[in-house]
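Quick one, structure for this:
(one chain, ligands or ions: 1)
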Amino acid sequence: MEKNILLIHTGGTISMSEDTSGAVKPGAKNPLTEEAQILSGLANLIVEEPFNLPSPHITPKEMMTLKHIIEQHYNQGGIDGVVITHGTDTLEETAYFLDLTVQADLPIVVTGAMRSSNEIGADGLYNLISSIRVALSREAKGKGVLIVLNDEIHTAENATKTHTSNVSTFQSPQYGPIGIVTKRGIFFHHMPASRENYQIEDPSKRVVLIKAHAGMDSSLLLAVKELQVDGVVIEALGQGNLPPSAMKGIRALISDNIPVVIVSRCFNGVVQDIYGYEGGGKHLKDCGVIFSNGLNGQKARIKLLIALAMTNNMKEIDKMFSL
Ligand SMILES: NC(=O)C[C@H](N)C(=O)O
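Predicted coordinates for the structure are as follows:
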């Protein structure tokens, strides 16, 4: 029996084309659906196009819209998998948001393109067909939201955009891809270590993301406190350290019950409470800073947004980040 794939187009370069002046622009709708339908020949595509946005325009509101569309179709029955086309700039954030929040037990694949639909070497149609094939594969189930581009299958938790223009931009620094797409089949070679899922209604809290640097002082942290944000994520140095001059700001935020989550500004590895000097990881932990578990800054921000939609209890938030 032919399987049904829910195909949701959201915009991004995969939906765009280049005009005669060389500018890449959105069109009225995604130009690839028909070709994908003919070429994939494997599934009936149920197409939704809730918005057509470059991915720098995507916010948690659009992420929630996608969650609702997927859950609605899933609850009605009749779909075997979901493929979402998305701009690559914030693709990893939408994918991780859906990974943490969608209540539906079926393969969900997010894909995009680095070259628009009419450029030489356009990768959109190829990535779309690869994604449909992954969403149809039995092994894709139970692995969380997947990101498929350039013949590789990555977890939403791990994959990140690593190159501004190269088609092999998505990489998983911590563990590598969990599978590959080949002409003859889809092959998974490992399972995601863990899965988390949260039920949320309204991810509308304000969470800011700040990058640490040599000589960072407390001014930005104190300004952020004055803005009455709900949470702060800091891309800290190395294994999770900050300059001593930033500690005044850290203490001010925590004494105001504003959760401060740290990740590393390093591309790889996890943050830990190793160093006992002022501003070192041990010192930060003693001050009440929450350590993330290998997430990058933009994903820790998504997770804190989701955490704050459920609780403002620091202990509970800390527990979520230890998973
Ligand atoms: N390759 C892309 O899709 C980049 C584009 N700026 C977007 O994210 O919408």
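
Check which residues of stretch 235-252 are buried.
Neighbour-count burial for stretch 235-252, counted by 16 or more other C-beta atoms under 10 Å, picks out 235-243, 246-247, 249-250, 252. In short, each C-beta sits where N, CA and C put it, glycine included.

Within range of the ligand, give me the residues from the stretch 101-250 of the chain.
Selection of the stretch 101-250 of the chain residues close to the ligand by C-beta under 6 Å from any ligand atom yields G112, M114.

Can you show me the strands along the stretch 101-250 of the chain?
108-111, 146-149, 152-155, 160-161, 170-171, 179-181, 186-188, 207-211, 231-236 (DSSP state E, counting those that start in this stretch).

Can you give the distance of the fifth one from its chain's centre?
For strand 170-171, the distance from its own C-alpha centre to the chain's C-alpha centre is 12 Å (C-alpha atoms, centre = their mean, to the nearest Å).

what do you get for the longest one?
Averaging C-alpha positions (C-alpha atoms, centre = their mean) puts strand 231-236 17 Å from its chain's average.

just checking, what packs against it?
In terms of contact count using 3 or more C-beta pairs under 8 Å, 6 or more residues apart in numbering; DSSP states H and E, strand 231-236 is assigned the packing partners strand 207-211, strand 260-264, helix 297-308.

Also the fourth one?
Packed against strand 160-161, as judged by 3+ C-beta pairs under 8 Å, 6+ apart, are the following elements: helix 91-101, strand 170-171.

Comparing those, which comes out most buried?
Relative to the other members of the helices and strands packed on strand 160-161, helix 91-101 carries the highest mean neighbour count by mean count of other C-beta atoms under 10 Å, namely a mean of 26.

Give me the mean pLDDT for that helix.
Averaged across helix 91-101, pLDDT comes to 98.

orientation of it relative to helix 297-308 in degrees?
With axes from the mean of the first three to the mean of the last three C-alpha atoms, to 10 degrees applied, the angle from helix 91-101 to helix 297-308 works out at 30 degrees.

Which residues outside helix 91-101 are in contact with it?
10, 12, 55, 58, 60, 62-63, 66-67, 70, 84, 86, 108, 110, 112, 144-147, 155-157, 159-161, 170, 196-200, 203, 298-299, 301-303, 306 (C-beta atoms under 8 Å, 6 or more residues apart in numbering).

again, 7 Å this time
Contacts to helix 91-101, defined as C-beta atoms under 7 Å, 6 or more residues apart in numbering, come from residues 55, 58, 60, 63, 66-67, 86, 108, 110, 112, 144-145, 147, 156-157, 159-161, 196-198, 200, 298-299, 302-303, 306.

circling back: if you look at the buried residues of stretch 235-252, which of them are in helices?
With helices identified by DSSP state H, the entries of those that belong to them are M247, G249, I250, A252.

Wait, the first one touches Y277, no?
So the one you mean is M247. No. The pair M247 and Y277 fails to qualify as a contact (C-beta atoms under 7 Å) at a distance of 11.0 Å.

returning to what we had before: can you put the strands of the stretch 101-250 of the chain in CSV and add mean pLDDT and distance to P31?
Compiled in CSV, these are given as follows (pLDDT from 0 to 100; distance: least, C-beta to C-beta, whole Å):
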stretch, mean pLDDT, distance to P31
strand 108-111, 98, 15
strand 146-149, 98, 18
strand 152-155, 98, 24
strand 160-161, 98, 23
strand 170-171, 98, 22
strand 179-181, 98, 22
strand 186-188, 97, 25
strand 207-211, 98, 34
strand 231-236, 98, 37
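
Of all those strands, which one is nearest E119?
Closest to E119 of these is strand 146-149 (C-beta to C-beta; 15.7 Å).

same for the closest one, what does it pack against?
helix 91-101, strand 108-111, helix 124-136, strand 152-155 (3 or more C-beta pairs under 7 Å, 6 or more residues apart in numbering; DSSP states H and E).

can we see that at 10 Å?
Using 3 or more C-beta pairs under 10 Å, 6 or more residues apart in numbering; DSSP states H and E as the contact criterion, the neighbours of strand 146-149 among helices and strands are strand 81-85, helix 91-101, strand 108-111, helix 124-136, strand 152-155, strand 160-161, strand 170-171, strand 179-181.

of all the ones you listed, which lies closest to G231?
Among the helices and strands packed on strand 146-149, the nearest to G231 by C-beta to C-beta is helix 91-101 (15.2 Å).

CA atoms only for that closest one, dumped as CSV, please.
Listed next in CSV are the C-alpha coordinates belonging to helix 91-101 (Å, rounded to 0.1, in the frame of the first residue of the first chain):
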residue,chain,number,x,y,z
LEU,A,91,17.0,24.9,10.7
GLU,A,92,18.7,23.3,13.7
GLU,A,93,16.6,25.4,16.1
THR,A,94,13.3,24.5,14.6
ALA,A,95,14.3,20.8,14.4
TYR,A,96,15.4,20.8,18.0
PHE,A,97,12.3,22.6,19.1
LEU,A,98,10.1,20.0,17.4
ASP,A,99,12.3,17.2,18.7
LEU,A,100,11.6,18.3,22.3
THR,A,101,7.9,19.1,21.9
